[in-house]
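> This is the structure alone, sequence omitted:
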């Protein structure tokens, strides 16, 4: 019997319930479909997905299997492949955004009418969103009680890589022909060295974090020049490591007294909370979570020069600009910096959070539909568990507090520096040539003064609450 393993965001062989189920059901045919959910990804996440998929394909081929690649509507492609190879079952790992749920529901319905077993499996999350409920049976809208509810939940042990017998693979598309990295252009060469691609790299990253950094995680995680963060968001995004594997490593570290381990587990649980919200609020990525925000005086005209300056990392506010340049060189951004650039855009510049969310979706190699949506709304003040509307990060104050010696700023801003760092110069290699920027371009004056921007935002918030 042939069992299809429909690969989506689970680029790993260990602790993969869908793969284990397929291996139990018969000879396994791995399938990946380049459908609309892939085609509509931003430049950086689509490119990074291609890297992860290429690594997984090579891994499977080294074990004697082949991955069947097809392009088109998965609603049509998956049933067609099942018919073509005579599959008796199809297995996949669940996703939780609206488009994926609608697609998977349609695929499951079609397969069942064909008499084919169709099963979705957990694996992308620790807690399925519908299994965590308030005392009244609703869903959580605040993180703290969510954490208290799940923190002592027994998490099953991670599954080992199953014994696999591979099914014969029909003619397949060629991954390179899909050109998933085309939109990255010259930025790919700059960002590439910062990527940690594949399951072995993810596991090594976790091991290094637990051995070297978790003890200092809580104390130093807000300092962007301190290398204490795990970086595992990149690998979680594509399922190159399971959250269950990370959870158990963090729990073991806590049990032996690592000071930052519980805080690390809390941060992992923020991702769970984000998916909990996205599942129960399918439009979280586009609509204000809180009532009364639809008429707020945010601006969305993407031609505004302030938005261009923010995107280019040339607002004249050094911490904001450093963070945006880190994004273009590494494909990621320190979490504290993400909050600062989001606050500056939505409050000092009064630009709608959707503009920032969409730009992060274009540029982040660790872009995640749930965390990105919740994070932007949280900072903007309209989201679940949001910070108070009057909490407006002062980027200069944040730099003084978390980068007092200027290490982070020096790492990412070249203009005006006598001896600019290599990383700050890499920014000019990564950005589009159309921006016409070089290290000799004068550093800009602030597009809006911090005091002026804060006062304007507070006035707008006051009018909203009047």
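It's in. Everything quoted here is computed from the prediction, not taken from an experiment.
> all contacts plus neighbour counts: C-alpha atoms, from now on.
Noted.
> check contacts around residue 340.
320, 393, 394, 395 (CA atoms under 8 Å, 6 or more residues apart in numbering).
> List the buried residues of the helix or strand containing it.
Applying DSSP states H and E as the criterion places residue 340 in helix 335-343. Within helix 335-343, the residues scored as buried using 16 or more other CA atoms under 10 Å are 337, 338, 339, 340, 341, 342, 343.
> Need the residues you listed in a markdown table (columns: pLDDT).
Shown next, in a markdown table, are the buried residues of helix 335-343 (pLDDT from 0 to 100):
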| residue | pLDDT |
| --- | --- |
| 337 | 97 |
| 338 | 97 |
| 339 | 95 |
| 340 | 96 |
| 341 | 98 |
| 342 | 97 |
| 343 | 95 |
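> Where do the strands of this structure begin and end?
2-7, 27-34, 68-71, 87-93, 117-121 (DSSP state E).
> Excluding sequence neighbours, find me the nearest residue to residue 322.
residue 412 (5.0 Å; CA to CA, 6 or more residues apart in numbering).
> Check residue 93 too.
Nearest non-adjacent residue to residue 93, counting by CA to CA, 6+ apart: residue 121, 4.7 Å away.
> Kindly report the same for residue 139.
Nearest non-adjacent residue to residue 139 (CA to CA, 6+ apart): residue 133, at 5.1 Å.
> quick check, distance from the helix holding residue 340 to the centre of its chain.
Its chain's C-alpha centre and that of helix 335-343 lie 15 Å apart, by CA atoms, centre = their mean, to the nearest Å.
> cool, and stretch 116-125?
21 Å.
> What of stretch 27-34?
Distance of stretch 27-34 from its chain centroid, counting by CA atoms, centre = their mean, is 24 Å.
> ok, now stretch 123-136?
Chain-centre distance of stretch 123-136: 20 Å, with CA atoms, centre = their mean.
> And the contacts of that stretch?
Counting by CA under 8 Å, 6+ apart, 9-10, 15-18, 93-95, 122, 139-140, 146, 149-150, 155, 239, 242-244, 272, 275-277, 279-280 sit against stretch 123-136.
> switch to 6 Å and redo it
139, 276 (CA atoms under 6 Å, 6 or more residues apart in numbering).
> So which bits of it are buried?
Buried residues in stretch 123-136, counted by 16+ other CA under 10 Å: 123, 124, 125, 126, 127, 128, 129, 132.
> Stretch 156-164 too?
Residues 158, 162, 164 are the ones in stretch 156-164 that count as buried (16+ other CA under 10 Å).
> same question, stretch 53-60
53, 54, 55, 56, 57, 59, 60.
> can you tell me which of those are in helices?
Mapping the buried residues of stretch 53-60 onto helices (DSSP state H) picks out 53, 54, 55, 56, 57, 59, 60.
> List the contacts of the nearest residue to residue 218 once chain neighbours are set aside.
Spatial nearest neighbour of residue 218, chain neighbours left out: residue 260 (4.7 Å); criterion: CA to CA, 6+ apart. For residue 260, the contacting residues are 214, 215, 216, 217, 218, by CA under 6 Å, 6+ apart.
> buried ones in the helix or strand of the chain with the lowest mean pLDDT?
Of all helical and strand segments in the chain, the minimum by mean pLDDT, DSSP states H and E falls on helix 450-464, at a mean of 91. For helix 450-464, the buried set under the neighbour-count rule, 16+ other CA under 10 Å, comprises 450, 453, 454, 456, 457, 458, 460, 461.
> do the same with stretch 294-313
298, 299, 306, 307, 309, 310, 311, 312, 313.
> Which residues does stretch 269-284 contact?
96, 98, 129, 370, 371.
> whoops, I mixed them up, stretch 444-454
Stretch 444-454 has contacts (CA under 6 Å, 6+ apart) with 315, 316, 317, 348.
> Any figure for the gap between the last one and residue 299?
Okay, so that is residue 348. 12 Å (CA to CA, to the nearest Å).
> residues near residue 206, how many?
The burial count assigned to residue 206 is 22, neighbours taken as other CA atoms under 10 Å.
> how near is it to residue 198?
On the measure of CA to CA, residue 206 and residue 198 end up 13 Å apart.
> Break the chain down into its structural domains.
2-123, 184-280, 305-464 (automatic domain parsing).
> who wins for proximity to residue 168 among the ones you listed?
domain 2-123 (7.2 Å; CA to CA).
> pLDDT averaged over the closest one, what's the number?
Mean per-residue pLDDT for domain 2-123: 98.
> any idea how far that domain is from the chain center?
Distance, centroid of domain 2-123 to centroid of chain: 20 Å (CA atoms, centre = their mean).
> again, but for stretch 227-239
Here the centre of stretch 227-239 is set off from its chain's centre by 9 Å, with CA atoms, centre = their mean.
> Which pLDDT value goes with the closest residue to residue 364 other than its chain neighbours?
Leaving out its chain neighbours, the residue that sits closest to residue 364 by CA to CA, 6+ apart is residue 331, at 5.1 Å. Turning to residue 331, the model gives it a pLDDT of 98.
> Residue 331: what's it in contact with?
Here residue 331 is in contact with 191, 364, 365 (CA under 6 Å, 6+ apart).
> number of nearby residues for the last one?
Read that as residue 365. For residue 365, using other CA under 10 Å, the count is 28.
> quick one: the closest residue in space to it that isn't next to it in sequence from residue 54, how far?
Closest residue in space to residue 365, ignoring its immediate chain neighbours: residue 45 at 4.6 Å, by CA to CA, 6+ apart. Going from residue 45 to residue 54 by CA to CA gives 14 Å.
> in the stretch 1-150 of the chain, which spans are helices?
Under the criterion DSSP state H, counting those that start in this stretch, the stretch 1-150 of the chain carries helices at the ranges 17-25, 36-39, 43-62, 74-85, 98-113, 143-150.
> Buried deepest among these, which one?
Mean neighbours per residue, mean count of other CA atoms under 10 Å, is largest over the helices of the stretch 1-150 of the chain for helix 17-25, with a mean of 23.
> now the angle between strand 117-121 and it, please.
Comparing the axes of helix 17-25 and strand 117-121 via axes from the mean of the first three to the mean of the last three CA atoms, to 10 degrees yields an angle of 140 degrees.
> Compute the inter-axis angle for helix 17-25 and strand 27-34.
Using the same axes, to 10 degrees, helix 17-25 lies at 140 degrees relative to strand 27-34.
> contact partners of helix 17-25?
In contact with helix 17-25 (CA under 6 Å, 6+ apart) are residues 3, 91, 92, 93, 121, 162, 164.
> 7 Å instead, please
3, 4, 5, 28, 91, 92, 93, 121, 122, 123, 162, 164 (CA atoms under 7 Å, 6 or more residues apart in numbering).
> And the third one, how close does it get to residue 182?
Separation of residue 5 from residue 182 (CA to CA): 27 Å.
> Also the second one?
Counting by CA to CA, the separation of residue 4 from residue 182 is 29 Å.
> Which one of these two is surrounded by more residues?
Taking neighbours as other CA under 10 Å, residue 4 and residue 182 compare with residue 4 leading, 31 against 13.
> Please name the residues that touch the more buried one.
Counted by CA under 7 Å, 6+ apart, residue 4 has contacts 22, 28, 29, 30, 31, 87, 89, 90, 91.
> distance of it from residue 119?
For residue 4 relative to residue 119 (CA to CA), the value is 10 Å.
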